[in-house]
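Enquirer: Fold the following, please.
(2 chains)
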Amino acid sequence: MHIKSKLYNKTLYVLLCGELDEHSATHVRMTLDNIFSNGNFNQIIIDLSELEFMDSTGIGVLIGRYKRMKNRNIPIFICNPSKHAEKIFKMTGLYEIMPKIV
Amino acid sequence: MKTNNFMEVTFKAISINESFARLCVAGFCIQLNPSIDEIGDIKTAVSEAVTNCVVHAYPKHNGTITLRCEIENDIIKIVVKDQGIGIKDIDKAREPFYTTKPSEERSGMGFSVMESFMDKVEVEHNGDKGLVVTMYKQIISSEKQVGNA
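Expert: Here you go, the predicted model:
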């Protein structure tokens, strides 16, 4: 699991690459928290176009990051989910707190 | 269920084996000529069942997980079995968003995802030790799907 990020116009872009499951969850949590703790940005866009697999563990990871950013009034948006990730997001209502953008 | 083919594998209940379990089942299912979507559904459901064992079944030591797949015509049956501490109230555990570990950022959606991605999911006690999760999915082969399009 690799995570890339870049800051542009006060938007933090994060690209998740690989498989997000219980095995990679701790690494993803720690890396995202580290990236989110630095830099001057007012919104986050998480790009899932390179995410090859995700199960419901990923929902827990994303909701955890949402709670942290909510305290700082920084919204998180999701883009390019796979068909399967989208199915899990719709089931769990994740888009209600992390809207999907095109 | 009369089986045309089966495979069974036992492995240690540690998280690195989640991807092994997913790929193992996906590889076995290939003979049914599934679509990419069906393979994705199966991989996700297997991952949920194995993750449950890794996270909940063995709080004190790393036990084992047995994964068995059976093929009967166009139906794949997947059995994920552990010998861990089990679940007292299975019906409660199957409710969406139910988790015994909210502090660990767990979604509590594992069984809901399995039910959504497979045709049928059964959860039973494994005798007096552990849990057996049995999932079924009919594979509509990709050739048929193209033919119907």
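
Enquirer: from memory B:E122 sits against B:E115, does it?
Expert: No - taking contacts as CB atoms under 8 Å, B:E122 lies outside contact range of B:E115: 10.5 Å. C-beta: built from backbone N, CA, C; applies to glycine.

Enquirer: Neighbour count: these two, which is higher?
Expert: Using other CB atoms under 10 Å in any protein chain shown as the criterion, B:E122 and B:E115 rank with B:E115 on top: 17 against 11.

Enquirer: and the more buried one, what does it touch?
Expert: With contacts taken as CB atoms under 8 Å, 6 or more residues apart in numbering or on different chains, B:E115 has the following neighbours: B:R94, B:V121.

Enquirer: host element of it?
Expert: helix B:110-117 (DSSP states H and E).

Enquirer: centre of the chain versus that helix, how much separation?
Expert: For helix B:110-117, the gap between its own C-alpha mean and the chain's C-alpha mean amounts to 9 Å (CA atoms, centre = their mean, to the nearest Å).

Enquirer: Show me which positions of stretch B:76-85 end up buried.
Expert: Neighbour-count burial for stretch B:76-85, with 16 or more other CB atoms under 10 Å in any protein chain shown as criterion, is recorded at B:I76, B:K77, B:I78, B:V79, B:V80, B:K81, B:D82, B:Q83, B:G84.

Enquirer: could those go into a markdown table alongside distance to chain A?
Expert: What follows is the buried residues of stretch B:76-85, written out as a markdown table (distance: CB to the nearest CB, whole Å):
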| residue | distance to chain A |
| --- | --- |
| B:I76 | 17 |
| B:K77 | 20 |
| B:I78 | 15 |
| B:V79 | 19 |
| B:V80 | 13 |
| B:K81 | 18 |
| B:D82 | 15 |
| B:Q83 | 19 |
| B:G84 | 15 |
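
Enquirer: burial of B:I65, as a residue count?
Expert: Residue crowding around B:I65 was assessed by other CB under 10 Å; the count is 27.

Enquirer: give me the element it is part of.
Expert: With elements taken from DSSP H and E, the one containing B:I65 is strand B:64-72.

Enquirer: wait, does that strand contact chain A?
Expert: No - Strand B:64-72 stays out of contact with chain A when judged by CB under 8 Å from any CB of the partner chain, the minimum separation being 12.7 Å.

Enquirer: got a list of contacts for that strand?
Expert: Among residues not part of strand B:64-72, those counted as contacts by CB under 8 Å, 6+ apart are B:1-13, B:17, B:21, B:24-25, B:28-29, B:31-32, B:46, B:50, B:53-54, B:57, B:76-83.

Enquirer: how close does A:M91 get to B:V123?
Expert: Taken as CB to CB, to the nearest Å, the spacing of A:M91 relative to B:V123 amounts to 18 Å.

Enquirer: To clarify, my last question referred to B:F20.
Expert: B:F20 sits at a distance of 22 Å from B:V123 (criterion: CB to CB).

Enquirer: In terms of neighbours, single out the busier of the two.
Expert: B:V123 (19 against 14).

Enquirer: Relative to chain A, how far out is B:G108?
Expert: Distance of B:G108 to chain A, given as CB to the nearest CB, to the nearest Å: 8 Å.

Enquirer: separation between the residue most central in space within chain B and chain A?
Expert: For chain B, the residue lying nearest the average C-alpha position, counting by CA atoms, centre = their mean, turns out to be B:V46 (3.3 Å). In this view, B:V46 and chain A are 9 Å apart by CB to the nearest CB.
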